[in-house]
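Trainee: Need a 3D model of the sequence below.
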Amino acid sequence: MDYILLYFIGMAAMTLGTLAGGGGLITMPAMLLMGIPIHSAIGAAKISNTVSSFTTFITVLLKKQITFKESFWIIPASMVGGFTGGFIATRLTESTMYTVAIILLIFAFFTSFLSKSDFTGTENLRPTKVAVPGLVGVGMYDGMFGPGQGTLLLYLFNHLRISYMRAIGFVRLATFSSGFGAAISYIAMGKIIWPIVFALMAGSISGAQIGVRLAEKLNPKHVKTLLRVVTITLIVQLIINQFI
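Mentor: Residues are numbered from 1 along each chain as shown. Okay, the predicted model is just below:
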């Protein structure tokens, strides 16, 4: 029964994660309440998120809403960020990582009110002086800690005036890239409980496909509101986690 529950946890988390990021709002608390050790829970979430993110990217790619030629440079930028973040994380306290996460999310929340973009942009993605550091920076955050990484990337792509469905494809490729190294690290640590990973992964892959189909029906002008709700919820959860 626990594996069936994990399937639905993964499905719900990745549906939300695809639409607005913040899938960790569901995954981590649920697995910890089930009594899964924290390192095993984080490792399972990283592996399932990496695999399901790649399936989402492939889905958007096959729909011809993005091209690999346009997005391939996301892979090295996010991987460099992910590996660097993982290295930095070994030298930071848990309290410091929570503080960094809260500051980044608060900054993203308030800057969203300054931007007039609403995911209806028509720009092509290019490795600009904003895009590259932005992807490396969020990749570092993902490797270092990670809650809200997908949400931060959506804010970035909205700032770059990328349309919503295309932004989802790019976010998922970046998530796969920055999470790949972290997933390998947790496997190497020997903390992985594979039946948990496979149940969560199956649900995450299903949720990714549901999320893509819901995103196609979502009015891009409503995405900012959804992002802000998820951001505030993430901030509250991180503050509670830091002080309890």
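Trainee: can we go C-alpha only for contacts and neighbour counts from here?
Mentor: OK.
Trainee: So which helix or strand of the protein has the lowest pLDDT on average?
Mentor: Ranking every helix and strand in the chain by mean pLDDT, DSSP states H and E puts helix 94-114 at the bottom, with a mean of 83.
Trainee: which residue is nearest the centroid of this structure?
Mentor: Closest to where the C-alpha atoms of the chain average out (Cα atoms, centre = their mean) is residue 150, at 3.1 Å.
Trainee: what about it, which helix or strand?
Mentor: Here residue 150 sits within helix 149-159, counting by DSSP states H and E.
Trainee: contact partners of that helix?
Mentor: Residues from elsewhere that reach helix 149-159 (Cα atoms under 8 Å, 6 or more residues apart in numbering): 17, 20-22, 105, 108, 112, 115, 117-119, 121, 131, 134-135, 138-139, 141-142, 164, 167-168, 171-172, 175, 227, 230-231.
Trainee: Give me the distance from it to the chain's centre.
Mentor: 9 Å (Cα atoms, centre = their mean, to the nearest Å).
Trainee: Can you say which of the contacts of helix 149-159 are buried?
Mentor: Listed as buried from those are 17, 20-22, 105, 108, 112, 117-119, 121, 131, 134-135, 138-139, 141-142, 164, 167-168, 171-172, 175, 227, 230-231; burial here means 16 or more other Cα atoms under 10 Å.
Trainee: So which of these sit within helices?
Mentor: Judged by DSSP state H, the buried ones among the contacts of helix 149-159 include 17, 20, 105, 108, 112, 131, 134-135, 138-139, 141-142, 164, 167-168, 171-172, 175, 227, 230-231 as members of helices.
Trainee: In this structure, where is pLDDT below threshold?
Mentor: Applying pLDDT under 70 to the chain flags residues 1, 90, 244.
Trainee: Remind me which helix or strand residue 128 belongs to.
Mentor: Going by DSSP H and E, residue 128 is not in any helix or strand.
Trainee: how many neighbours does it have?
Mentor: 10 (other Cα atoms under 10 Å).
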